[in-house]
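> Sequence plus the predicted model coming up.
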Amino acid sequence: MTFYKYAGFWRRLVAFTIDGALVLFIFMIFFIIASMAFFSGAISADNKNLFADFTDPASLSPVMISVWMLYIFINLTYFTYFHGTSGRTPGKMILGLQVVTDQGQPLTFGIAFLRSVGYFISNILYLGFLWVAFDRRKQGWHDKIAGTVVIVKEKGEQTAGISIPGSSPPLSESTTVKPPENNDN
């Protein structure tokens, strides 16, 4: 078993910022394509009422709801895909982080989706993300909801972290977790 440290607040924040920028970039590409399609259709149809429609809140509401739904869909898809396939988003790859279950197992797509939905709960006044700075296992609310932890992929000294079964030899005898012995004799 190899011992991995829990990823701290600042390292996770930088990784999440990188991922947020990538999600925003993907969203902007889709938004520009959708806007161009909408405007070309609106101009070719009844362009006299185009400006009037944009000043009417009743006709603007469905457009805004569609924009938010697109952003939420891209966000959920991005984080679910990357966490479900490797446990690592591009931001986490750059910073050497990985998401695993709290038992050290790789994530399934179901757990990855649950964690992605948990981001929206953690986003309430950012309290769920700030929780990482104060939690013993460095878990945000989204981690607690999905039963996950974020580890630093480099092998670390034993301070606070998780032992994960793997092909690498343990760093020392104190870094391995031994199962309880069965004394039913």
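Happy to help now that I have it.
> Out of the helices and strands in this protein, which is least certain?
Here the helix or strand of the chain ranked lowest by mean pLDDT, DSSP states H and E is helix 50-55, holding a mean of 66.
> what's downstream of that one, the next helix or strand?
Later in the chain than helix 50-55, the nearest helix or strand by DSSP states H and E is helix 57-85.
> Can you list the helices and strands that that following helix packs against?
For helix 57-85, the packing partners by 3 or more CB pairs under 8 Å, 6 or more residues apart in numbering; DSSP states H and E come out as helix 9-44, helix 50-55, helix 109-122. Where you see a C-beta, it was placed from the backbone N, CA and C, and this is true even at glycine.
> Need the winner for burial among those.
helix 109-122 (a mean of 18; mean count of other CB atoms under 10 Å).
> What's the mean pLDDT across the longest strand along the chain?
Secondary structure of the chain read by DSSP state E shows that its longest strand is strand 148-155. Averaging pLDDT along strand 148-155 yields 88.
> Can you name the element that comes right after that strand?
Later in the chain than strand 148-155, the nearest helix or strand by DSSP H and E is strand 161-164.
> can you tell me which residues contact the spatially most central residue of the chain?
Centroid check for the chain by CA atoms, centre = their mean gives residue 79 as the closest residue, at 4.6 Å. Contact partners of residue 79, counting by CB atoms under 8 Å, 6 or more residues apart in numbering, are 19, 89, 112, 115-116, 119.
> what's the burial count for residue 74?
Neighbour count for residue 74, taken as other CB atoms under 10 Å: 18.
> For it, report the pLDDT, please.
The predicted local confidence for residue 74 is 97.
> For the closest residue to residue 118 other than its chain neighbours, what are phi and psi?
Closest residue to residue 118 apart from its sequence neighbours, by CB to CB, 6 or more residues apart in numbering: residue 142 at 3.1 Å. Torsion angles at residue 142 (phi, psi; degrees, to the nearest 10) stand at phi -60, psi -30.
> Over to residue 139?
Note on residue 139: its backbone torsions stand at phi -100, psi 130 [degrees, to the nearest 10].
> Looking at the helices and strands packed on helix 57-85, spot the one closest to residue 161.
Smallest distance to residue 161 across those (CB to CB): 13.5 Å, for helix 9-44.
> Sketch out the low-pLDDT regions of this structure for me.
Filtered on pLDDT under 70, the chain yields the residue ranges 1, 42-54, 155-159, 165-185.
> what about 80?
For the chain, the stretches with pLDDT under 80 are 1, 38-60, 154-185.
> Run a quick neighbour tally on the closest residue to residue 149 other than its chain neighbours.
Closest residue to residue 149 apart from its sequence neighbours, by CB to CB, 6+ apart: residue 102 at 5.3 Å. Residue 102 has 14 neighbouring residues, counting by other CB under 10 Å.
> All set now, cheers.
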